[in-house]
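A.B. asks: Sharing a model that was predicted from the sequence below.
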Amino acid sequence: MNTVTQSETLALSAVAVAATIGESAVAAESVTVPEVAPYELHLIPLSRLRPSSRNVRQSGGTAIPELAASIARVGLLQNLTVVTTPDGQWSEVVAGRRRLAALKLLVKRHKLAKDHPVPCLLVPVASARTVSLSENVQREAMSPVDELFAWKSLVAEGRSLEDIAADFGVTPLVVKRRLRLANVAPRLLVDYQLGAVTLEQLMALAITDDHAAQVSAFYEVPQWQRSPESLRDHLTRDEVDACRDALARFVGVEAYEAAGGGIRRDLFADEQKGVFLTDAALLERLARDRLADAAESVRVEGWGWVDVTPRVSSSELHTFQRARRSRREPSKAEAKRIEKLEAEQARLQDKLDDEDDDLSDDGAQALHEELDRLGDELDAIEQTLVVYEPGVVSMAGAVVSVDPMGAVVVHRGLLRVEQVKALRAQDRPTTDAQAEGEVESAETTTSRGGLSEKLVRRLSAHRTAALQAEVARHPNIALVALVHQLTQRVILGSYGASPVNISATPQDRLEQHAPDVAEAPASQGLRAVREAWAARLPGDPKALFAELLAMEQEELLSLLALCVGLTVSAIAQREDEAPAALLAQAVGLDMHGWWTPTAAGYFDHVSKAKALEGVQVFAPGEVQRLAKLKKTQITAEAERLAAGSGWLPQMLTEPVQVVEGQGEHETDAHQAT
């Protein structure tokens, strides 16, 4: 503290008076007071001052640079309190350790001489701790609101923000923040002083200067809607959060401001957040202008129509049907290039996955960036291999938009209702069923997956374990799956693909694809139920048959479900594969209950761009901050942010459709977890 208060002065005076009373005044109480000389103020060279062990304040000592800056600007406003060492060579500071440290710092910065004279109050050794304690406890801190108004008064006197900041050793931003708080509605400041409003809530409300809006946002909502985040969202509900919004990332805040767009800045947010755009219409117009070039290049492809829609939702895309498309065989040159790119991708991914490879953070970052570049090139080649039926391109269209990451995305091959009818009319000889086959749902995608084959197998191993557990919980579905496979083999004489291994080979070596699958909830539950049945059933085949023959049907179906479930295999090789999709849909497989995104299980195995793509979904406000980090830091942060979000990679998401009546005979495979 660089000021002296009235209470401190009175306390020191009281101690001095007590010291001059002498022994006679307290003899009746048999209290001995050492004889001391009156306190004296001296100018002592800074080089002869050092801290004292008699200083009762053992902690603290923060904000020394700020205090040093203040002393350099306005001088030392409060003297130090010292005692003299027995040899008389030193003066030890018993009160004012922070001030001493700040003065020493100024010497180190060559702003004070080593022997700079420092005003010090010399006290007797016997009174040192009393004086030190008095200075530290006999003080009253300035109220926060009074402090805020004091900052405001300095500005009202005509002082510049930079000048005020220099006086107190802080940045102009700190001054701006305190002025912004001082400008909050008086009613809120009163309640802040009473403890009814927190500082964090006050900071959130300070995003606007409108007192009426501040009061309404706080007092006219339920208590549970008064979190700082809720208050800030309420006051900026008609504005665009530049940190989260895809169009804001696409256009850029600087370009938006250059076009005359209004900005509201949250002074209390870090530099990556707290920027709100007040003119959403201007932002969309700028985005349309930027998309115009991309749209023109798409028109050159020959599409019947091309729409520029900066913001397009999944529901809007679902109003279209997609024309059937196929992938032509690549030319020799294209095939050679694809093979080379994929081989390089695999090599880099293996290098990243090699735990024995002592790879630096910078090295890993470079590998991820190279993987992103290879993926972009493969996607570009893949797009050239997509072909449509004759006459479709000239009738179908495309929508040019912006994806959640703020990049240009083109949705090609879209058909409106009238265009679908026109295609059917042109192809009248075909049956209606065949005509229906000319289109696919808007959810179909031909883009190359961003996951490596190794990660796809890893994720599908977890999906397999979860599907096994779900089948074991649904005996009716297990019976259908078993009969389905038997009917194909025995009655129909066909060998169609089936996830059920009728040879009864348990698919229990999933660890070769996912080392952590053994600890997954599905595996643990199945293991517990399997061990319980193994302990109960006899090992002798004849005794086992007799045991099964005597079982109730419900119990037998439960055992059947477990056996069928353990034969299920759904390992995928590519991201766009969905083995056992019908079985998963029948049991209502929902991976949210069986798998959680972690660094080791997912984020370590994808590119930086792919990891940020996931973060954009479950923590959009963190994308810009994470984008500047190294890959190892991103994966750790992504795991933390994903916790409890319910996010899943695309290949683990599928529609949940439970067959009615399936839950009549369920086992405890899931509950065992």
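C.D. replies: Arrived safely. Numbers count the residues shown, from 1 in each chain.
A.B. asks: Run through the helices of the stretch 551-673 of the chain in chain order.
C.D. replies: Taking DSSP state H, counting those that start in this stretch, the helices of the stretch 551-673 of the chain run over residues 553-567, 581-587, 608-618, 623-627, 631-642.
A.B. asks: actually the stretch 351-500 of the chain, not the one I typed
C.D. replies: Using DSSP H, counting those that start in this stretch, helices in the stretch 351-500 of the chain cover 361-384, 417-426, 432-436, 453-473, 475-486.
A.B. asks: for the first one, packing partners?
C.D. replies: What it means is helix 361-384. If you count contacts as 3 or more C-beta pairs under 8 Å, 6 or more residues apart in numbering; DSSP states H and E, helix 361-384 packs onto helix 332-353, helix 608-618, helix 631-642. (Each C-beta comes from the backbone N, C-alpha and C, glycine too.)
A.B. asks: pLDDT on the longest one, on average?
C.D. replies: Per-residue pLDDT over helix 332-353 has a mean of 87.
A.B. asks: same question, the shortest one
C.D. replies: Averaging the model's pLDDT scores along helix 608-618 yields 83.
A.B. asks: how far does that helix sit from the chain's center?
C.D. replies: Put simply, helix 608-618 sits 10 Å off its chain's centre (C-alpha atoms, centre = their mean, to the nearest Å).
A.B. asks: quick one: contacts of that helix?
C.D. replies: With contacts defined as C-beta atoms under 8 Å, 6 or more residues apart in numbering, helix 608-618 is touched by 365, 368-369, 372, 375, 404-405, 450-451, 597, 603, 622-623, 626-627, 631, 634-635, 637-638, 641-642, 645-647, 649.
A.B. asks: what about residue 267, how many neighbours?
C.D. replies: Residue 267: 16 surrounding residues under other C-beta atoms under 10 Å.
A.B. asks: check contacts around it.
C.D. replies: Residue 267 neighbours (C-beta under 8 Å, 6+ apart): 173, 176, 177, 180, 206, 274.
A.B. asks: Assign it to helix, strand or coil.
C.D. replies: Of the three states, residue 267 takes coil under DSSP: H, G, I helix; E, B strand; the rest coil.
A.B. asks: who does the longest strand belonging to the chain pair up with?
C.D. replies: Ordering each strand of the chain by length in residues (DSSP state E) puts strand 408-415 first. Sheet pairing of strand 408-415 (DSSP bridges) gives strand 321-323 (antiparallel), strand 397-402 (antiparallel).
A.B. asks: follow-up on the earlier one: mean neighbour count added to the helices of the stretch 551-673 of the chain, as TSV?
C.D. replies: Below are the helices of the stretch 551-673 of the chain laid out as TSV (neighbours: other C-beta atoms under 10 Å):
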stretch	mean neighbour count
helix 553-567	20
helix 581-587	20
helix 608-618	20
helix 623-627	18
helix 631-642	19
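A.B. asks: want to try a markdown table for those helices, with distance to residue 574 as columns?
C.D. replies: Listed next are these as a markdown table, based on distance: least, C-beta to C-beta, whole Å:
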| stretch | distance to residue 574 |
| --- | --- |
| helix 553-567 | 23 |
| helix 581-587 | 14 |
| helix 608-618 | 15 |
| helix 623-627 | 27 |
| helix 631-642 | 23 |
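A.B. asks: of these, which approaches residue 398 most closely?
C.D. replies: helix 608-618 (22.2 Å; C-beta to C-beta).
A.B. asks: what angle do that closest one and helix 453-473 make?
C.D. replies: 40 degrees (axes from the mean of the first three to the mean of the last three C-alpha atoms, to 10 degrees).
A.B. asks: quick revisit: any chance of the helices and strands packed on helix 361-384 in JSON lines, with distance to residue 161 too?
C.D. replies: Converted to JSON lines, the helices and strands packed on helix 361-384 look like this (distance: least, C-beta to C-beta, whole Å):
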{"stretch": "helix 332-353", "distance to residue 161": "48"}
{"stretch": "helix 608-618", "distance to residue 161": "36"}
{"stretch": "helix 631-642", "distance to residue 161": "34"}
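A.B. asks: closest to residue 593 out of those helices?
C.D. replies: If we rank the helices and strands packed on helix 361-384 by C-beta to C-beta, the stretch that ends up nearest is helix 631-642, at 15.5 Å.
A.B. asks: Of all pairs in the contacts of residue 267, which one is the farthest apart?
C.D. replies: Top of the distance list for the contacts of residue 267 (C-beta to C-beta): 173 and 206, 13.5 Å.
A.B. asks: Comparing the two, which residue is more hemmed in?
C.D. replies: Neighbours were counted for residue 173 and for residue 206 using other C-beta under 10 Å; residue 206 has more, 24 against 13.
A.B. asks: Looks like that one contacts residue 180 (just checking).
C.D. replies: Yes: in this structure, residue 206 is within contact of residue 180 by C-beta atoms under 8 Å, at 4.6 Å.
A.B. asks: Give me the common contacts of the two.
C.D. replies: When contacts are counted by C-beta under 8 Å, 6+ apart, residue 206 and residue 180 have 267, 268 as shared neighbours.
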